[in-house]
Structures are given as C-alpha cells and as structure tokens.
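Q: model the following, please.
(one chain, ligands or ions: 1)
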Amino acid sequence: MRIGLIGAGRIGAVHARSLAGDPRVHRVDVVDADAERGRQVAAAVGGHVADGLDALLDSAPDAVVIAAPTHTHAELVVQCAGRGVPVLCEKPVFADLDTARRVAAQVRETGTLVQVGFQRRYDPGYRRGFEAVRSGALGQLRRMHMVTADPEPPPAAYVAVSGGIHRDCQIHDFDVLRWISGREVVEVYATGANRGAGYIGAAGDADEAVAVLTLDDGTLATMQASRYNGAGYDVRMELAGSGATLAVGLDTRVPLRSLEPNAPALAESAWSGFMDRFAPAYRAEVTAFLDLVVAAAGAGVAPEGHCTVDDALQALLIAEAAAVSRRERRPVSLAELGSGAVLAGTAAG
Ligand SMILES: NC(=O)c1ccc[n+]([C@@H]2O[C@H](COP(=O)([O-])OP(=O)(O)OC[C@H]3O[C@@H](n4cnc5c(N)ncnc54)[C@H](O)[C@@H]3O)[C@@H](O)[C@H]2O)c1
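A: Next up is the predicted model:
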C-alpha cells in the first residue's frame, strides 16, 4: 500500500514510524506545511516528500493519515472522503458542532472509511474494560471515574487552535466512556480553573477541569483533566459494577503513590507523556486502520471497534456540553444542543 501522511509534527512522526514499519506499506508520502519538518520525518522512515496536498491526493494513495493541527481536520477529511480515499484522522475531527454535523453527513454520503484517532480503544487496559462490561464480569455498571492529566501544558500556539481542554484533552475520555459503557451521555456538569500560564486563560481555556456526567441508563461518571500534573502523565479509569471494581492504568508507572505503610512498592519511573504511555496503542491503531483499508478493498476481515465519524460527532457533543456548562456554571443536557449522529457506531443501545 502507498499511504499519504498529512502533518508530520509530534503525532505525525509517531504514525510515520508505524506506517513505515508495517510490511503491507511499501511507500509513505509526507506533506507538511513546514517543508523542512516534512523532509526530516520522511527521511527518518525512508519515506518520500509529496509535492503538496493536491499532488498527494491526485496521486490516488491507498489511504491517508491526517495528523495536521485540529482546525485543518474537517476539510481534509471531506477532501479525502470525496475522492474515496480511506482516512485515519487524528482527534478531534471537528472544532465546532455545525462543522461536525455537516462533515459527518458528507462522509456518510460518500461511504468512505474514516477512522478517528482515539488510540485508547487499542490500549490493552481499556480493551479489557470494554470486555469486562460485555462479558458480565463487572455485573451492572454503576459508576465510572476517568483521569487525563498532562505533566505540563502544550505550547500557546497549540492551545490557541486546540478547541480547549474539553474538546482537545477530555475528548479521549468522552469517547471511551461511550465505547466502554455502550451508553449515551444525557447530561454534563463541568467546571474548570486557571492556575497556570496566562495564555491558557487568554485563549478562553482552562488548565484544570472536572465533570460529572449522567448516562442514559443512570450510570454516573466523574472526570478530571489537568495540564499541570507534576508527578507525570496520569491516564486512568475505574469501572465500578455490582460484581467487581476494575482499574485501567493502575500499573507500575502510574504517577500516583499510596501513603499506606503496607502499599506495594512501585519501582519504575512515572509515564512522561502520551508518546510514552500509548506507544503500543498508536501502533495498534495504525495496524487496525490498515486492516480496515485491506478489508474495504475486499480482502481480509475488518477489525471491530474503530471510532467512526459519527462516534466522533457524539464525543464532540459531550465536549460542547462541558464547555457550555463550564461557561454558564450549570448542568447542560445534551438534548439542548440538538441531535448528534445517526448512531451506527459502537455505543448504540
Ligand atoms: N491521539 C492522540 O493522543 C494525540 C496526541 C497528540 C496530538 N494529537 C492530535 O494530532 C494533531 C496534531 O497534533 P501534534 O501535537 O502532532 O501537533 P504539531 O503542531 O506537533 O504538528 C502539526 C504538524 O502539522 C503541520 N501542518 C500545519 N498545517 C498543516 C497543513 N494544512 N497541512 C499539512 N501539515 C500541516 C505543522 O507544520 C506540524 O508539523 C492535533 O489535532 C492533535 O489533537 C492526538
């Protein structure tokens, strides 16, 4: 397969390595707005530099990976889907709801495969959580708790176009909340704080956020997000059911120390960031995407459970509700925001 890569920054370089390392990929063509950056990443993986976006798309690649900044995603997805080119697009796909609804409808019409880059769906712990809910091992799911905490904030330029902490950071939790529970969120109550760099507040964003969410079957979820977790990169989830309580991310590298004298010693250093914590999941996500591309071309079996554009729209609705709730200091029902996707994704029922 010949795969195009649009955007070769932090995550684009990770995807470039995964693509080049897959035996089914014989060529990776890189496009980056910063030509030197594109050359460096292409050279590092034995790839090629495409002569701009149009040239890349005109060359009819077998698939495209979009890892450019968030505000470019929607139109890039439309361009690729319109040409029938399968896409793996980094999260979040959309910056706002109107765009999300329009783009999701356009993608649906084309029938083109679009996978959204929520790599937690390929992390072993989160997958076991998914299976525990479905197998009955958990009993009735009653409560969920989720944490996403970065050790330090992204730079000002990233924050300015990121969509803010709910759409950029908590969106991962909003996606796995739906995927794992198999339910929809009906209400969000969120708040936030600015206690760090001035550029975050100046962008209308928060550097600490908490949310309480109610699911359509009455399951309750709490969430915390931070851009200032000094102990390290902390991504965890707890699932509390009538039959068991399970934790994702509670491993030897979790940046969390018990104060109890009989606590087990955790020897290893804490996770430093998403590259470190989710390296295997990013690789697995790209492998699953290539499996889907092969299956869409009529060969092989399509893996289940990828995040569709409709799933991404639904996750954005939750993020929008959180943003409104934080701004207006009140619980916000998703119904207030109008309908989201026609649910063909994983959380139906
Ligand atoms: N799934 C995850 O865990 C994860 C982690 C990090 C980033 N992301 C997402 O990936 C995207 C990129 O984030 P990043 O941290 O790699 O950003 P980055 O700023 O490091 O990289 C973006 C790259 O895109 C290039 N670029 C800008 N406009 C472009 C365009 N129109 N066409 C082609 N290239 C363009 C820039 O020159 C830069 O090299 C964001 O949407 C972010 O939300 C996801």
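Q: let me know the pLDDT of Phe94.
A: Confidence at Phe94, expressed as pLDDT, is 86.
Q: residues contacting it?
A: Contacts for Phe94 (Cβ atoms under 8 Å, 6 or more residues apart in numbering) come out as 73-74, 100, 103, 312-313, 316. Heads up, the C-betas are built off the backbone N, CA and C, glycines and all.
Q: please report phi then psi for it.
A: With angles defined as degrees, to the nearest 10, Phe94 sits at phi -130, psi 150.
Q: return the residues in contact with the residue lying closest to it once chain neighbours are set aside.
A: Of all residues not flanking Phe94 in the chain, Ala100 sits nearest, at 3.7 Å (Cβ to Cβ, 6 or more residues apart in numbering). Contacts here follow Cβ under 8 Å, 6+ apart; on that basis Ala100 touches 74, 93-94, 312-313, 316.
Q: wait, doesn't Val30 sit right on Ile3?
A: No. Contact criterion Cβ atoms under 8 Å: Val30 and Ile3 do not qualify, at 9.8 Å.
Q: which ones are touching Asn194?
A: 200-201, 205-208.
Q: if we only consider those, which is nearest to Ala321?
A: For these, the closest approach to Ala321 (Cβ to Cβ) belongs to Ala206, at 15.1 Å.
Q: any idea how far the closest residue to that closest one other than its chain neighbours is from Ser269?
A: Counting by Cβ to Cβ, 6+ apart, Ala206 lies nearest to Gly192, which is 2.9 Å off, once chain neighbours are set aside. As judged by Cβ to Cβ, to the nearest Å, Gly192 and Ser269 stand 29 Å apart.
Q: the more surrounded of the two?
A: Higher neighbour count among Gly192 and Ser269: Gly192, with 22 against 11, using other Cβ atoms under 10 Å.
Q: would the more buried one count as being in a strand?
A: Yes. Gly192: assigned to a strand according to DSSP: H, G, I helix; E, B strand; the rest coil.
Q: the residue of the stretch 101-250 of the chain found nearest the ligand: what's it in contact with?
A: Of all residues in the stretch 101-250 of the chain, Gly117 sits closest to the ligand, at 4.7 Å by Cβ to the nearest ligand atom. Going by Cβ under 8 Å, 6+ apart, Gly117 touches 11, 67, 88-91, 285, 307.
Q: and those residues near the ligand, which?
A: 11, 67, 90-91 (Cβ under 6 Å from any ligand atom).
Q: rewinding a little: ok, so of the contacts of Gly117, who is nearest Val293?
A: Set against Val293, the nearest of those by Cβ to Cβ is Leu88 (8.8 Å).
Q: point out where the stretch 151-300 of the chain drops to low pLDDT.
A: For the stretch 151-300 of the chain, the stretches with pLDDT under 70 are 267.
Q: among the contacts of Asn194, which are in strands?
A: Counting by DSSP state E, the part of the contacts of Asn194 found in strands is Glu208.
Q: closest one of the contacts of Asn194 to Val301?
A: Distance to Val301, by Cβ to Cβ, is smallest for Asp205 among those, at 41.9 Å.
Q: moving C-terminal from the host helix or strand of Val103, which element do we reach first?
A: If you go by DSSP states H and E, Val103 is part of helix 97-110. Remark: after helix 97-110, the chain's next helix or strand is strand 114-117, criterion DSSP H and E.
Q: show me the contacts for the residue nearest to Ala206.
A: By Cβ under 8 Å, 6+ apart, the contact set of Gly192 is 165, 206-210, 326.
Q: swap in Gly338?
A: Contact analysis of Gly338 by Cβ under 8 Å, 6+ apart lists Leu97.
Q: re earlier: which residues are in contact with each of Val30 and Ile3?
A: Counting by Cβ under 8 Å, 6+ apart, Val30 and Ile3 have no contacts in common.
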